[in-house]
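In: Next one to model:
(one chain, ligands or ions: 1)
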Amino acid sequence: MNRVGLIGWPVTHSISPAMHNAAFAALGLWDWSYELAAIPPDIVRQGLRTLRDEGGFIGVNVTVPHKQAVMPYVKPDDRARAVGAVNTIDFRDNSGTNTDVPGFLADLQAHGIALADRRVIVLGAGGAARAAVYTLARAGARVTVVNRTLEKAQVMLADLSLSAGVWGVEAKTLDEAVEQAGVSLIVNCTSVGMWPQVDESPWIDGVPFPRGVTVYDMVYRPAVTRLMRQAEAAGGQAVGGLGMLVRQGAAAFEIWTGQPAPVEVMFEAAKSALQSG
Ligand code: ATR
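Out: I've put the predicted structure just below:
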């Protein structure tokens, strides 16, 4: 059996098993399986070793809170080093990469969202925001970061300039960021608005929502967030985060199996898992 899976703490609500196991079935990969592995933070290194040496795992996805913690135990590629987080490990060569970056980029492209020379506001300064700023800046967007805690945004940008050579990105207040001319895209990388807090939005009350701007919300539960409704009410397009989740999974699937991922199958499986869970 070729085993792969997801390590995190906790990992109970993940839809990744449904998505990957549907993909294995669709390609007739009956000897592959995707499983959840709950590993507490203090034994991450041992957990990885056990999965690889005793469990016979080929690789794993990595989620909260381990994305940074696994870095010393794998060979991170340039992208993982730049973002400072690994979300996919291949035990066969012990390499670590970050498929959130190509997953996010592919989903922006799938929705026809242009980036080169566009002004983009990123909300948040955690792990997801790091992947977003790196992706957007490399695609030629002019990025401004807004975060509840300004210092955390400044630390993130200092790290990204050192590790990834990302320059020219500034941290501002939401007011300042919105006043800039020609904002075309707002990306939510905070968890605000995620189920069950569905009535919340990272958009601060009292700041007028810019008209005709596209919102990309990395939140995928619910499928339509309050922030997305605010964008639509202001005449803009709104895209939820399910596509990024599916496409980061598809990129990991391709690393492990060496086969093109059945992305549509993974989409359908992810949607039904969200509906039933
Ligand atoms: P992830 O790895 O998913 O990015 P994270 O590292 O915990 O998660 O980052 C969460 C982000 O959501 C942070 O930018 C956080 O803001 P702070 O840096 O100020 O903590 C933001 N966030 C979480 N809850 C928030 C809230 N209620 N209002 C505004 N921002 C919030």
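In: And the strands in the chain, which stretches?
Out: Counting by DSSP state E, the chain has strands at residues 2-8, 32-38, 57-62, 75-76, 88-90, 95-97, 119-123, 142-146, 170-171, 183-188, 214-217, 238-239.
In: Out of those, which is closest to Leu160?
Out: Closest to Leu160 of the strands of the chain, according to Cβ to Cβ: strand 142-146, at 9.7 Å. The C-beta positions use only the backbone N, C-alpha and C, and glycine is treated the same way.
In: The closest residue to Thr190 other than its chain neighbours: how many residues sit nearby?
Out: Leaving aside its sequence neighbours, Thr190 sits nearest to Gly124 (Cβ to Cβ, 6 or more residues apart in numbering; 4.0 Å). Neighbourhood size, Gly124 [other Cβ atoms under 10 Å]: 25.
In: For the chain, which residue gets nearest to the ligand?
Out: Gly126 (2.0 Å; Cβ to the nearest ligand atom).
In: so what's that residue up against?
Out: Applying Cβ atoms under 8 Å, 6 or more residues apart in numbering to Gly126 gives the contacts 189-190.
In: closest to Ala251 out of the strands of the chain?
Out: strand 88-90 (7.4 Å).
In: average pLDDT across the closest one?
Out: Here strand 88-90 scores 98 as its mean pLDDT.
In: now swap in stretch 49-56 and tell me
Out: 97.
In: Ok, stretch 254-263 next?
Out: Mean predicted confidence for stretch 254-263 is 98.
In: next one: stretch 6-22
Out: If you average the pLDDT over stretch 6-22, you get 96.
In: quick one: that stretch near the ligand?
Out: No. Against the ligand, stretch 6-22 shows no contacts by Cβ under 6 Å from any ligand atom, the least distance being 11.5 Å.
In: Centroid-nearest residue for this protein?
Out: Asp100 (4.3 Å; Cα atoms, centre = their mean).
In: Can you tell me the closest non-neighbouring residue to that one?
Out: Take Asp100 and drop its neighbours on the chain: the residue closest to it by Cβ to Cβ, 6+ apart is Ala131, 4.3 Å away.
In: Gly47 now?
Out: In space, Gly47 is closest to Ile39, 3.7 Å off (Cβ to Cβ, 6+ apart).
In: In contact with Ala273, which residues?
Out: Taking Cβ under 8 Å, 6+ apart as the test, what Ala273 contacts is 15, 18-19.
In: ah, wrong one, I meant Val70
Out: 7, 44, 48, 62, 86, 89, 96.
In: residues near the nearest residue to Ala116 once chain neighbours are set aside, how many?
Out: Nearest non-adjacent residue to Ala116, counting by Cβ to Cβ, 6+ apart: Gly140, 3.9 Å away. Gly140 has 11 neighbours, counted by other Cβ under 10 Å.
In: Kindly report the same for Gln109.
Out: Using other Cβ under 10 Å, Gln109 has 13 other residues around it.
In: With Val183 instead?
Out: Using other Cβ under 10 Å, Val183 is surrounded by 19 other residues.
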